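>>> here are the coordinates; sequence isn't available:
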């Protein structure tokens, strides 16, 4: 007997619930603090910072808004999304409004912890390009609200440093699940040897989001454990980007 639509929906819901890992207190704290930190940034709210934060070497650039342009990872230089490919941006922020998805002519989907960023994209994305914009789900990277084998590529830039290696094991498993066979994953990590790393980690702590300076070797080990292969890397002033295939 064919299953009714409601039965299939319930079954899918049960399958999704079975994938939800038991979140540690560390995971919950990191997700909560990162959500608050980026929610305030996207809303352009003031951060109440003590006077001593001005002594941090990169504070003036951060306050002027020029630091982000200096340290942002240009993920498309590792692999540019191709025409009619489907890509997922995890922790997307306002990506669809910033990067030239219309030039790449690739389909964009996102997942984001900030309600403000999600709502902004859901409102403005279809106005910018209703054909390419496929929507944004609200949620963290360890549980992607998408089907198996759905995407040609996935991106996760600017946020790995807030989470522990065991959390990222789960993220890599989820990315691998939603990618098509042979799909690509681009993510970036803070290079602990960067001259900016210590100051940036201190600044982010003042912004109430603790940075973990995980070694590059440990990141490579996590990729290997997830049965992935680092195809290419690119070194920036603060972040090092990895192109991974599974």
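Nice, thanks for sending it over. Keep in mind that what you see is a predicted model, and the values were worked out from it rather than measured.
>>> can you classify residue 166 by secondary structure?
Under DSSP: H, G, I helix; E, B strand; the rest coil, residue 166 falls in the helix class.
>>> now it: how far from residue 208?
Noted for residue 166: a distance of 22 Å to residue 208, by C-beta to C-beta, to the nearest Å. C-beta: built from backbone N, CA, C; applies to glycine.
>>> which helix of the protein spans the most residues?
helix 25-42 (DSSP state H).
>>> now the next helix-or-strand element following that one, how far from the centre of its chain.
Beyond helix 25-42 on the C-terminal side, the first helix or strand identified by DSSP states H and E is helix 59-64. Taking C-alpha atoms, centre = their mean, to the nearest Å, one finds the center of helix 59-64 at 23 Å from the center of the full chain.
>>> buried sites along helix 59-64?
59, 61, 62 (16 or more other C-beta atoms under 10 Å).
>>> residues contacting the spatially closest residue to residue 225 that is not a sequence neighbour?
Nearest non-adjacent residue to residue 225, counting by C-beta to C-beta, 6 or more residues apart in numbering: residue 169, 6.8 Å away. Residue 169 is in contact with 222, 225, 226, counting by C-beta atoms under 8 Å, 6 or more residues apart in numbering.
>>> returning to that earlier point: mind listing residues that contact the longest helix of the chain?
Against helix 25-42 from outside (C-beta under 8 Å, 6+ apart): 23, 47, 93-94, 113-117, 120, 140, 142, 159, 162-164, 167, 204, 207-210.
>>> what about residue 154, how many residues nearby?
When neighbours are defined as other C-beta atoms under 10 Å, residue 154 has 27 of them.
>>> per-residue pLDDT, it?
Residue 154 is assigned 98 on the pLDDT scale.
>>> pLDDT below threshold where in the protein?
For the chain, the stretches with pLDDT under 70 are 1-24.
>>> what do you get if the cut-off is 80, keeping everything else the same?
1-25 (pLDDT under 80).
>>> please name the residues that touch the nearest residue to residue 196 once chain neighbours are set aside.
Spatial nearest neighbour of residue 196, chain neighbours left out: residue 238 (4.6 Å); criterion: C-beta to C-beta, 6+ apart. Residue 238 makes contacts with 71, 190, 191, 194, 196, 197, 200, as judged by C-beta under 8 Å, 6+ apart.
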